[in-house]
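Asker: Fold the following.
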Amino acid sequence: MKFPAQILDLMRGAAYNNSNHPEHRIVAEQVADYFNHQYSGAVQYDATGRMIEPAPDTKATNNINAKTGITTPATKSTSSDKPAEPTVTVWVAGGGCGTCEDMDGAIIAPGTASCPHPNCICGEETMTMTEYNRRFGGYSEKRQSAYEKNKALVAEYNKKYGVDLYAQKQGRDDALTDEFKKDLMKHEGISPSPYKDSKNLITIGIGNNINDIENFEELELTNTKNGKKLTNPEKSELHDQIRSEIDSKIFNPKNYEHIQISPDRMYKKFETQIKTAYNEVSRKFNDFNLLPVPVRQALTDMQFNMGTPKFSKENWPKLFDAVQRQDWLKAAKEGAERKDVGDPRKNWTYNMFMSATVQ
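Answerer: Okay, here's the model as predicted:
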């Protein structure tokens with residue numbers, strides 16, 4: 001969706017964005033006049049993007065713009081005297097993907113949402129302009145540019161290679177599939193707030209161990225009650241308080257639900273963690289990249305969960321020997337002997353190793 005440069009300049013200016021500015025009303029009316037001209041007889045907007053008094057009762061024609069996704073209703077709403085409001089089709093990210101989060105709120109043509117990678121739950125929604133402004137804060141060139149760029153790249157790569165663009169683009173190993181990542185998320189759980197894991201360690205996000213004060217202070221944490229980011233002294237005090245409550249067995253995660261890490265940072269950290277785990281475990285086995293995909297996934301899951309040095313040949317000699325001999329039945333039995341994880345994760349590990357026997 002393209003707006004005239006003059007309108008964009010007005011919308012970026014201090015007068016438009018500050019209701020206390022002496023020229024705020026003048027600039028707001030100029031922007032509102034533009035939108036009302038584009039969607040004649042439908043609605044007017046103030047500087048915040050909200051509807052103000054409706055325009056004179058003129059007949060609006062039904063106009064679906066295939067490029068912008070804006071739909072101008074042809075008739076008034078039957079529930080009131082106010083004309084129906086135009087709608088907009090928007091890309092809506094479902095969470096769990098940094099790429100799609102960058103495009104969240106981009107305006108698209110109806111029926112054209114095409115997620116750039118498999119197993120993603122992103123898609124499109126059609127909503128009123130008022131709802132769009134409320135949820136996404138209005139039009140953004142940054143997310144619009146991200147959408148257009150990714151759309152072009154997806155089309156180009158899919159046509160040329162017939163494969164997932166982002167697997168190629170990011171050099172992602174074929175074992176680190178979206179399905180595997182979703183399995184790992186289920187195993188670890190997802191929490192934007194601090195909690196204690198099965199080993200009584202302070203954790204956040206998707207299995208992100210922040211038990212050490214250094215890791216805790218590296219986080220960008222926000223107090224959602226006041227919207228302020230925590231300072232290092234505040235994070236240090238919070239860490240000691242949580243650690244003390246866990247040790248005293250009085251810790252209640254509900255008391256800390258207002259302390260959160262952003263979804264974007266949480267998922268980016270998860271991507272870093274899983275790649276680190278994969279790289280670390282790959283150095284523990286000869287010809288690791290030649291092992292069957294489900295075997296590499298099971299071993300990566302164990303590395304992610306236990307870390308080094310706990311997941312080592314010294315601590316798991318029978319499993320390491322079975323993997324090197326490619327005795328997947330033995331590996332399955334050994335892998336299922338994991339402690340500090342529930343039966344669903346043990347069964348998943350067993351099944352991953354066993355699936356290699358039929359490849």
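
Asker: going forward, measure contacts between C-alpha atoms and count neighbours the same way
Answerer: Noted.

Asker: What ranges does the stretch 201-350 of the chain have for its strands?
Answerer: 202-205, 208-209, 222-223, 228-229, 259-260 (DSSP state E, counting those that start in this stretch).

Asker: How is this structure partitioned into domains?
Answerer: The record's domain split for the chain, according to automatic domain parsing, is 5-57, 87-161, 190-263, 283-358.

Asker: I'd like the average pLDDT over the first one.
Answerer: The average pLDDT within domain 5-57 is 61.

Asker: How about the second one?
Answerer: Predicted confidence along domain 87-161 averages 71 (mean pLDDT).

Asker: what about the stretch 201-350 of the chain, any weak spots by pLDDT?
Answerer: When residues are selected by pLDDT under 70, none of them lie in the stretch 201-350 of the chain.

Asker: For Asn232, which non-adjacent residue is closest in space?
Answerer: Glu217 (6.0 Å; CA to CA, 6 or more residues apart in numbering).

Asker: hang on, that neighbour packs against Leu238?
Answerer: No. Checked against CA atoms under 8 Å, the pair Glu217 and Leu238 is beyond contact range at 9.9 Å.

Asker: Could you give me the buried positions within stretch 349-359?
Answerer: Thr349, Tyr350, Asn351, Met352, Phe353, Met354, Ser355, Ala356 (16 or more other CA atoms under 10 Å).

Asker: ok so, going back, indicate which one of the domains of the chain is closest to Leu184.
Answerer: Leu184 sits nearest to domain 283-358 of all these, at 6.9 Å, using CA to CA.

Asker: count of residues packed around the residue nearest to His258 when sequence neighbours are not counted?
Answerer: Leaving aside its sequence neighbours, His258 sits nearest to Thr224 (CA to CA, 6+ apart; 5.1 Å). Applying other CA atoms under 10 Å, we find 13 residues neighbouring Thr224.

Asker: residues in contact with Thr224?
Answerer: Thr224 is in contact with His258, Ile259, Gln260, counting by CA atoms under 8 Å, 6 or more residues apart in numbering.

Asker: Tell me the one of the buried residues of stretch 349-359 nearest Thr177?
Answerer: Nearest to Thr177 among those, with distances taken as CA to CA, is Met352, at 13.9 Å.

Asker: quick one: the closest one and Leu299 touch, right?
Answerer: No. Here Met352 lies out of contact with Leu299, judged by CA under 8 Å, at a distance of 9.5 Å.

Asker: still on that earlier bit, for the residue nearest to His258, give me the backbone phi and psi.
Answerer: phi -70, psi -10 (degrees, to the nearest 10).

Asker: Kindly report the same for Thr126.
Answerer: Main-chain dihedrals, Thr126, degrees, to the nearest 10: phi -110, psi 130.

Asker: can you give me the helices for the stretch 51-200 of the chain?
Answerer: For the stretch 51-200 of the chain, the helices defined by DSSP state H, counting those that start in this stretch occupy 98-103, 129-136, 141-161, 165-169, 178-188.

Asker: quick one, helices of the stretch 251-359 of the chain?
Answerer: Using DSSP H, counting those that start in this stretch, the helices found in the stretch 251-359 of the chain span residues 263-282, 293-306, 317-325, 328-335, 343-355.

Asker: got a markdown table for these, with distance to Lys149 too?
Answerer: Listed next are the helices of the stretch 251-359 of the chain as a markdown table, based on distance: least, CA to CA, whole Å:
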| stretch | distance to Lys149 |
| --- | --- |
| helix 263-282 | 20 |
| helix 293-306 | 31 |
| helix 317-325 | 43 |
| helix 328-335 | 43 |
| helix 343-355 | 37 |
